[in-house]
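K.L.:
this is the structure alone, sequence omitted:
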RNA sequence: GUGGCCGUAGCUCAGCUGGUAGAGCCCCUGACUGUGACUCAGGUUGUCGCGAGUUCAAGCCUCGUCGGCCACCCCA
């Protein structure tokens, strides 16, 4: 029988890695809490139509990367390829967008059928933040400050660069798209294949092209800033002033477009040069028309999502992890000989009652003195209690697990007192 | 989806021009030290990713397939 293995691009996170994830998740929860954002949870599966209407019918994500299937009723469902659509749907459906503002966040798996690569997987985890009901630049600034704060807390600040751009209003975008298309049509034969295909479907994406010839042509193309309405341009200025005011450095990149159709106004991207081709760690922008487009109220929205695997990779590769991160045991209880098993269980229970925070590992599975002590050291525990004997009640020895550790005999009643002092 | 490299014990890898599998680490047992050690003695582990083909014979050649890495692409 062939072994069954995990689906391609869907990873197991093993015990030696979960502490890193927990550290990242905890840091994020604390951050979001400190900014008074609320968590929202919504399903992994939605109607396919939701993603088609929000992300855009002709985007790569919808065209060739979604996990889409029919359920038993014949409805077309899809695994969520990103979080914003579901978040907007849920908020709208439950009246969260009616005459009020919301600051929300979510965390969870997303699914995209891409060819796996370092930092790119078919099931990957995102943490996303969405703010609704605020058309002003202050919330945009706050989101950038918040994300910047996260890099600081994780010790990754020096490895991340912020790029921003202004797409203008939806109307600005259409007008610019027309102008750009008109210009590029004159040079159609020189454009690379992808860009030719995008001419009709998604002109703005051509700005992202890495093809040198295409880039050369783009130098003479109409410029996005020339098509942006006055109010939108002014907002973009205001945001930049705010960023300067709080000391966040950034680069304005007029070619930054984003692959999802719902963006307008501000778009931004935090990138790193430490992860090879998967440079984008966090990105987002404003999407004012989205909730209306999904049939709901016309509520302004702005948000971002970050790739958690990419942050885990950064933390690991750059060694930006707290020292005690792998440690999950404080006290190791060695049980040598079958006579003291019950005594050991009672003792563990007593200790856990007196010191509820203490992480107590009671040895199971037998083994002689030597190997148990070895495991005690390997566990990362700070000290070990040793129960040894063939009788039901043994004296208890304590061994402090450092280089010069001594073994001391403790009387049974004093164990908890001793531990309380030792662990403070 | 396209291209390149790769896939041998739990881990890191070796395996000569094809001849029926090895090392180190880890783990376990015993001896010696009242003891995480050292040293010594011994022990467990693999359908060589999977399937087919060529051959008297394949881990080593051919094809397919699955998986990994990297780039393109895409994006978080």
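P.N.:
Perfect, thanks for sending it. This one's a predicted model, so the numbers in the text were calculated from it and none came from an experiment.
K.L.:
SS state for residue A:278?
P.N.:
coil (DSSP: H, G, I helix; E, B strand; the rest coil).
K.L.:
okay, now it: neighbour count?
P.N.:
Neighbour count for residue A:278, taken as other CB atoms under 10 Å: 16. C-betas here are computed from N, CA, C, even on glycine.
K.L.:
can you tell me how far it sits from residue A:121?
P.N.:
10 Å (CB to CB, to the nearest Å).
K.L.:
after the helix or strand hosting residue A:217, which helix or strand is next?
P.N.:
Using DSSP states H and E, residue A:217 sits in helix A:212-218. Beyond helix A:212-218 on the C-terminal side, the first helix or strand identified by DSSP H and E is helix A:230-245.
K.L.:
so what's the gap between that next one and the chain middle?
P.N.:
Put simply, helix A:230-245 sits 28 Å off its chain's centre (CA atoms, centre = their mean, to the nearest Å).
K.L.:
who's in contact with it?
P.N.:
A:136-138, A:140-141, A:144, A:164, A:166, A:168-169, A:172, A:225, A:228, A:249-250, A:252, A:265-266 (CB atoms under 8 Å, 6 or more residues apart in numbering).
K.L.:
kindly give a single PyMOL line that selects the buried subset of these.
P.N.:
To isolate in PyMOL the members of the contacts of helix A:230-245 that are buried, counting by 16 or more other CB atoms under 10 Å, one can use:
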select buried, chain A and resi 137+140+141+144+164+166+168+169+172+228+250+265+266
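K.L.:
any idea how many residues pack against the residue in chain A that RNA strand B sits nearest to?
P.N.:
Closest contact between chain A and RNA strand B, by CB to the nearest atom of the strand, is at residue A:259 (1.6 Å). If you count neighbours by other CB under 10 Å, residue A:259 ends up with 15.
K.L.:
which ones are touching it?
P.N.:
Contacts of residue A:259 by CB under 8 Å, 6+ apart are A:59-61, A:205.
K.L.:
neighbour-wise, give me the winner out of those.
P.N.:
Neighbour counts for the contacts of residue A:259, by other CB under 10 Å, peak at residue A:59, which reaches 22 neighbours.
K.L.:
so what's that residue up against?
P.N.:
Under the criterion of CB under 8 Å, 6+ apart, the contact list for residue A:59 reads A:202, A:259-261.
K.L.:
returning to that earlier point: could you dump the contacts of residue A:259 into TSV and include pLDDT, secondary structure and distance to residue A:410?
P.N.:
TSV is the format used below for those (pLDDT from 0 to 100; DSSP: H, G, I helix; E, B strand; the rest coil; distance: CB to CB, whole Å):
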residue	pLDDT	secondary structure	distance to residue A:410
A:59	86	coil	67
A:60	87	helix	65
A:61	90	helix	62
A:205	83	helix	70
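K.L.:
so which of those are also by RNA strand B?
P.N.:
The subset of the contacts of residue A:259 within reach of RNA strand B, by CB under 7 Å from any atom of the strand, is A:59-61, A:205.
K.L.:
where do the strands sit along the stretch 151-300 of chain A?
P.N.:
A:161-166, A:251-252, A:264-271, A:280-286 (DSSP state E, counting those that start in this stretch).
K.L.:
re earlier: tell me which residues of the helix holding residue A:217 are tucked away?
P.N.:
Under 16+ other CB under 10 Å, the buried positions of helix A:212-218 are A:214, A:217-218.
K.L.:
check stretch A:6-20 too.
P.N.:
Buried residues in stretch A:6-20, counting neighbours by 16+ other CB under 10 Å, are found at A:9, A:19-20.
K.L.:
which of those come close to RNA strand B?
P.N.:
residue A:9.
K.L.:
sketch out the low-pLDDT regions of chain A for me.
P.N.:
For chain A, applying pLDDT under 70 flags the ranges A:1-2, A:403-406.
K.L.:
and it, what are its domains?
P.N.:
The record assigns chain A these domain ranges, following automatic domain parsing: A:18-169+A:228-317, A:327-423.
K.L.:
in CSV: those, plus distance to residue A:181.
P.N.:
Listed next are the domains of chain A as CSV, based on distance: least, CB to CB, whole Å:
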stretch, distance to residue A:181
domain A:18-169+A:228-317, 14
domain A:327-423, 58
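K.L.:
buried deepest among these, which one?
P.N.:
domain A:18-169+A:228-317 (a mean of 18; mean count of other CB atoms under 10 Å).
K.L.:
quick one: terminal-to-terminal distance for that one?
P.N.:
By CA to CA, to the nearest Å, the extent of domain A:18-169+A:228-317 from end to end equals 16 Å.
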